[in-house]
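Colleague: What follows is a protein structure lacking sequence information:
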């Protein structure tokens, strides 16, 4: 006995979604029609087709212009994602193969936590582009960037060269990290593993400032140029350190108020792009992948004034 298979749902036409997104973002049928080169009545008909297909009104007229309904607001984010993927697929097959070398800088902790999936996706999309990745601390990366040895670099906010155009790709909390087996949070003075004192490090400054405001004595007993070095010292039970959210090595835990430690401020991650690499297709593509990758992880993608 053959079992009848349910018919698959109808596919969504990217042209319909594009018109919907343009209207929702611009608040106007007229402006959307101008952007796609169609009449306003044609755009209105597209929206009616989309609403009939989905069975819900998606847009409504308000004193402030055309706004998405609750169902339209739900669709808007997903429509943007579908159109981005649609355009990426079309562009990948129609565009000539992208080639070249892009010099990317990153602190080691960002490289381990954020970049694997981003770079894998980029390499899959642009297999002919070569990436030259330099892992250093933010202080050293700022020097390399200023000297023109990097096309772009990730860097901790607050350590960028003065006047450098920057895009904040992520912002989130700085947190205490330590070994729960050694009870170092009860020590006086509190032993810390942080960056070198001769480096301009926003994490180091934030940790020491928070402890000073709490009236807690602390001593930086270990200095390291990398997050890996600080984690190594913390794993040995010799000091506490700080980090933005990441996958901690086994044996380390997040700490905070429960251990009597002061709250730490939010920290940002910036993407700096050298002027000489602006407009270079391979560099532009990598910058987009980095911003989108951080965005999927809750980044902001906010340009920072120089």
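Modeller: That came through, no problem. Since this is a predicted model, take the numbers as computed values, not measurements. Residues are numbered from 1 along each chain as shown.

Colleague: Check what pLDDT the closest residue in space to residue 217 that isn't next to it in sequence gets.
Modeller: Nearest residue to residue 217 in three dimensions, chain neighbours excluded: residue 189, at 3.8 Å (Cβ to Cβ, 6 or more residues apart in numbering). Heads up, the C-betas are built off the backbone N, CA and C, glycines and all. We have a pLDDT of 96 for residue 189.

Colleague: just the one 10 residues further on next, same as before
Modeller: What the model reports as pLDDT for residue 199 is 67.

Colleague: Which residues are in contact with residue 269?
Modeller: Shown in contact with residue 269 (Cβ atoms under 8 Å, 6 or more residues apart in numbering): 110, 114, 154-157, 168-171, 244, 294, 299.

Colleague: Quickly note the distance from the residue nearest to residue 276 when sequence neighbours are not counted to residue 156.
Modeller: Closest residue to residue 276 apart from its sequence neighbours, by Cβ to Cβ, 6+ apart: residue 148 at 6.8 Å. The gap separating residue 148 from residue 156 is 21 Å, by Cβ to Cβ, to the nearest Å.

Colleague: My read is that the residue nearest to residue 217 contacts residue 221, right?
Modeller: No. Judged on Cβ atoms under 8 Å, residue 189 makes no contact with residue 221 at a distance of 9.1 Å.

Colleague: Check the burial of residue 288 by counting its neighbours.
Modeller: 13 (other Cβ atoms under 10 Å).

Colleague: Would you verify that it is located in a helix?
Modeller: Yes. The assignment for residue 288 by DSSP: H, G, I helix; E, B strand; the rest coil puts it in a helix.

Colleague: rewinding a little: compare residue 148 and residue 156 and say which one has the larger neighbour count.
Modeller: When residue 148 and residue 156 are compared for neighbours, residue 156 comes out ahead with 25 against 12, by other Cβ under 10 Å.

Colleague: Quick one: the strands in this structure, in order.
Modeller: Along the chain, counting by DSSP state E, strands occupy 59-62, 65-68, 100-106, 129-135, 152-156, 166-173, 175-178, 190-194, 218-223, 241-243, 253-255, 266-273, 302-304.
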